[in-house]
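Colleague: Structure, please.
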Amino acid sequence: MDYDVVIAGAGPVGLLLACELRLAGVSVLLLEKLADPNLPIKAGAIGGRALNIPTIEVLYRRGLLPALEKAALWWAGASTDRKGLEAAVRGAAPPSELEIPSNRPEIPRGFVGHFGMMLDANFVDYSEPEFADRGPAAAAGTISMQSLEALLSERAAELQVEIRLGTSLTDFSAGADSVMVHAGGTTVRSGWLVGCDGGRSTVRKLAGFEFPGTDPQISAYSAMVEIADPHKLAPGWKRTSKGTYVNGPMPGRILIMEFDGPPEDRDAPITLEELQTSLRKVSGTDVTLDAVYAATRWTDNARQASTYRVGRVLLAGDAAHVLTPIGGQGLNLGIGDAINLGWKLGATVNGWAPETLLDSYTLERHPIGAWALQWTRALVALMGPKRRDLALTSVVADVIGDRGGATSLAKRISGVWQRYDLRGDHPLVGRSAPDLEFEDGRRLGEYCREGRALLFNFIDDARISALGAGRRDRLSVIVTRLKEHSDLTALFVRPDGFVAWAANERLDLDDAVSALSTWLGE
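Modeller: Predicted coordinates for the structure are as follows:
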């Protein structure tokens, strides 16, 4: 076997998945069709990318939060400087040391994103447990895709991930025990193949995955431009009788949505004249564009693979689901796929995975992907110009216009609502582990750096520690005390940070044994 796993696509999802597999000791080959990973066509450099709280948690738990914060602050500073922003949208990566600019704005705590700019964050109750127990991951912000990819690429290099740039996967044949992958004029033999190669995934098409969904109804653009007369455009989000446009938040960044059907040719080059015509139509102004630095065309095409696994071939990220970029759900959804799949595929390669472990990837991630598709479909409908769209917007605005409604919506947008349907009656089971603080000053997230399962013994009970016997190659047993008084006595956390068993004063060790066997094997 040349490699345990081959991954097609070196975007954030492919990079993170490769890193997770290397933490498990698995050999990985990462294929990227572009020779320059910083090109705007791949990096999505138009504007920033909002990372939700589960995504920040993933990076925090792997020790990447300091670098992430610097990258976010660098992008925030670059977005206020015209030359810096132009360099970014032309494909320039952030500085290697990710210097923090002197004029950078602060990253707000409790950042949750937006809902067509209808959500008033002042109404959100951040004292709710889903927000309050996230520790440092409760702060988020917007960064460029180049910054995120640079951060993950550096991490991949540290973990000795082999990456071949300018190498396209052209074909493969999957057998009972291996996959023959053809790429860049060579053939390699791998145990598994994962498609992280985007919405038009070659892996998905060649493997024959079903990809049902809804056809596009809108034509939209995101662009960085030079506006000759910017005073003619109102700042922020504006809905008109012809569609919706966004001006900002950084100078020259525009978004345009027309609701008259999909584009005739989505792949056609975007000209200045085409963009200006669309902007004038939707805004109702005679605004003039002097230059276009970067532009992309998109729609509300929404599709999801029926399963994320066919034999030895799996999908993650946009290869498994495509949706409109409005609301920023796509990238965060893909990061969740990678952190869920990484340890399960690693365990399968290493031979200790229970028989059903790899299939739990689809069972856990597919419902969250389906929710994201419905969520973004609804958001597009709320932004439409027709009278029924306006009526719907008015009703939703009333519902979310108080503390309860705004908090409920914020939980959805920020991702803190996500949990898996795992066996167990404890309220923590199935949700992301709270970032507990211990008497020695450490936090739970600090124990997650190596991507191992964790068994916390908070009462120094030998019976709890004994549960880890025979699984020390995949499980760390930690005896420690909680800083604050609690009746929580023990906690079993999977490598992806989700709680699989918890106990308060009453210890049910049979449940603990069952949970350990379910997720870590016999």
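
Colleague: Which strand or helix spans the residue lying closest to residue 293 once chain neighbours are set aside?
Modeller: Closest residue in space to residue 293, ignoring its immediate chain neighbours: residue 224 at 4.4 Å, by Cβ to Cβ, 6 or more residues apart in numbering. For glycine as for every other residue, the C-beta is placed from the backbone atoms N, C-alpha and C. For residue 224, the host element (DSSP states H and E) is strand 219-227.

Colleague: From the chain's centroid, how far away is that strand?
Modeller: Relative to its chain's centre, strand 219-227 lies at 24 Å (Cα atoms, centre = their mean, to the nearest Å).

Colleague: Name whatever forms a beta bridge with the residue nearest to residue 293.
Modeller: residue 253, residue 294 (DSSP bridges).

Colleague: What lies in contact with the strand holding residue 224?
Modeller: Contacts to strand 219-227, defined as Cβ atoms under 8 Å, 6 or more residues apart in numbering, come from residues 45-47, 85-86, 89, 233, 252-258, 260-263, 270, 275, 278, 287-300, 324-325.

Colleague: for stretch 362-369, same thing?
Modeller: Against stretch 362-369 from outside (Cβ under 8 Å, 6+ apart): 304, 307-309, 320-321, 333, 336-337, 340-341, 418, 420-421.

Colleague: Nearest to residue 181 among those?
Modeller: Using Cβ to Cβ, the shortest approach to residue 181 within the contacts of stretch 362-369 belongs to residue 309, at 16.8 Å.

Colleague: Report the contact partners of the residue nearest to residue 454 when sequence neighbours are not counted.
Modeller: The shortest distance from residue 454 to any non-neighbouring residue, by Cβ to Cβ, 6+ apart, is to residue 493 (4.4 Å). Counting by Cβ under 8 Å, 6+ apart, residue 493 touches 433, 444, 448, 453, 454, 455, 456, 499, 500.

Colleague: Can I get the residues you listed in CSV including pLDDT, neighbour count and distance to residue 216?
Modeller: Output for the contacts of residue 493, formatted as CSV (pLDDT from 0 to 100; neighbours: other Cβ atoms under 10 Å; distance: Cβ to Cβ, whole Å):
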residue, pLDDT, neighbour count, distance to residue 216
433, 96, 25, 39
444, 97, 23, 43
448, 97, 24, 39
453, 98, 22, 42
454, 98, 21, 44
455, 98, 24, 48
456, 97, 23, 48
499, 98, 24, 39
500, 98, 26, 40
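
Colleague: Pick the one among those residues closest to residue 483.
Modeller: residue 444 (11.1 Å).

Colleague: circling back to that earlier point, mind giving me the ChimeraX select for the contacts of stretch 362-369, buried ones only?
Modeller: This is how ChimeraX selects the buried members of the contacts of stretch 362-369, with burial counted by 16 or more other Cβ atoms under 10 Å:
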select :304,307,308,309,320,321,333,336,337,340,341,418,420
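
Colleague: The contacts of stretch 362-369 in strands, which ones?
Modeller: With strands defined by DSSP state E, the entries of the contacts of stretch 362-369 inside them are 304, 309, 321.

Colleague: Enumerate the positions of the helix or strand following the strand holding residue 224 that are buried.
Modeller: Next helix or strand after strand 219-227 toward the C-terminus (DSSP H and E): strand 236-240. Neighbour-count burial for strand 236-240 flags 237, 238, 239 (criterion: 16+ other Cβ under 10 Å).

Colleague: Which other helices and strands does strand 236-240 contact?
Modeller: Strand 236-240 sits against strand 243-247, helix 272-283, with contacts defined as 3 or more Cβ pairs under 8 Å, 6 or more residues apart in numbering; DSSP states H and E.

Colleague: Contacts for it, please.
Modeller: So strand 236-240 is contacted by 116-117, 244-249, 282-284, 383, 385 (Cβ under 8 Å, 6+ apart).

Colleague: so which of the residues you listed would you say is closest to residue 209?
Modeller: Closest approach to residue 209 among these (Cβ to Cβ): residue 383, at 30.3 Å.

Colleague: Just give the closest residue to that closest one, not the sequence neighbours.
Modeller: residue 244 is the one closest to residue 383 (Cβ to Cβ, 6+ apart), at 4.8 Å.

Colleague: Hmm, that neighbour is touching residue 281, no?
Modeller: No. Using Cβ atoms under 8 Å, residue 244 is not in contact with residue 281; the gap is 11.8 Å.

Colleague: more neighbours, these two?
Modeller: residue 244 (25 against 16; other Cβ atoms under 10 Å).

Colleague: in the sheet, who's paired with the more buried one?
Modeller: residue 239, residue 257.

Colleague: Contact partners for it?
Modeller: Here residue 244 is in contact with 237, 238, 255, 256, 257, 282, 383, 384, 385 (Cβ under 8 Å, 6+ apart).

Colleague: For those, which entry has the maximal number of neighbours?
Modeller: Ranking the contacts of residue 244 using other Cβ under 10 Å puts residue 257 first, with 26 neighbours.

Colleague: Give me whichever of the helices and strands packed on strand 236-240 is most buried.
Modeller: With neighbours defined as mean count of other Cβ atoms under 10 Å, those peak in mean count at strand 243-247, which reaches a mean of 23.

Colleague: any idea of the angle it forms with strand 236-240?
Modeller: Here strand 243-247 runs at an angle of 160 degrees relative to strand 236-240 (axes from the mean of the first three to the mean of the last three Cα atoms, to 10 degrees).

Colleague: Just the C-alpha atoms of strand 243-247, please, in CSV.
Modeller: Provided in CSV are the C-alpha atoms of strand 243-247 (Å, rounded to 0.1, in the frame of the first residue of the first chain):
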residue,chain,number,x,y,z
GLY,A,243,-33.4,42.1,-5.8
THR,A,244,-30.9,42.5,-3.0
TYR,A,245,-27.4,44.1,-2.9
VAL,A,246,-24.8,44.5,-0.2
ASN,A,247,-22.3,47.3,-0.1
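
Colleague: from what I can see residue 319 touches residue 193, true?
Modeller: No. Using Cβ under 8 Å, residue 319 makes no contact with residue 193, being 11.3 Å away.

Colleague: what is in contact with the two at once?
Modeller: With Cβ under 8 Å, 6+ apart as the test, residue 319 and residue 193 both reach residue 203.

Colleague: Counting neighbours, go ahead and name the busier of those two.
Modeller: Neighbours were counted for residue 319 and for residue 193 using other Cβ under 10 Å; residue 319 has more, 31 against 27.

Colleague: Could you break the chain into its assigned domains?
Modeller: Following automatic domain parsing, one finds the domains of the chain at 1-33+166-215+302-382, 49-148+384-418, 219-300, 444-520.

Colleague: Distance to residue 438 for these - can I get that in JSON lines?
Modeller: Conversion of the domains of the chain to JSON lines gives the following (distance: least, Cβ to Cβ, whole Å):
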{"stretch": "domain 1-33+166-215+302-382", "distance to residue 438": "23"}
{"stretch": "domain 49-148+384-418", "distance to residue 438": "12"}
{"stretch": "domain 219-300", "distance to residue 438": "39"}
{"stretch": "domain 444-520", "distance to residue 438": "5"}
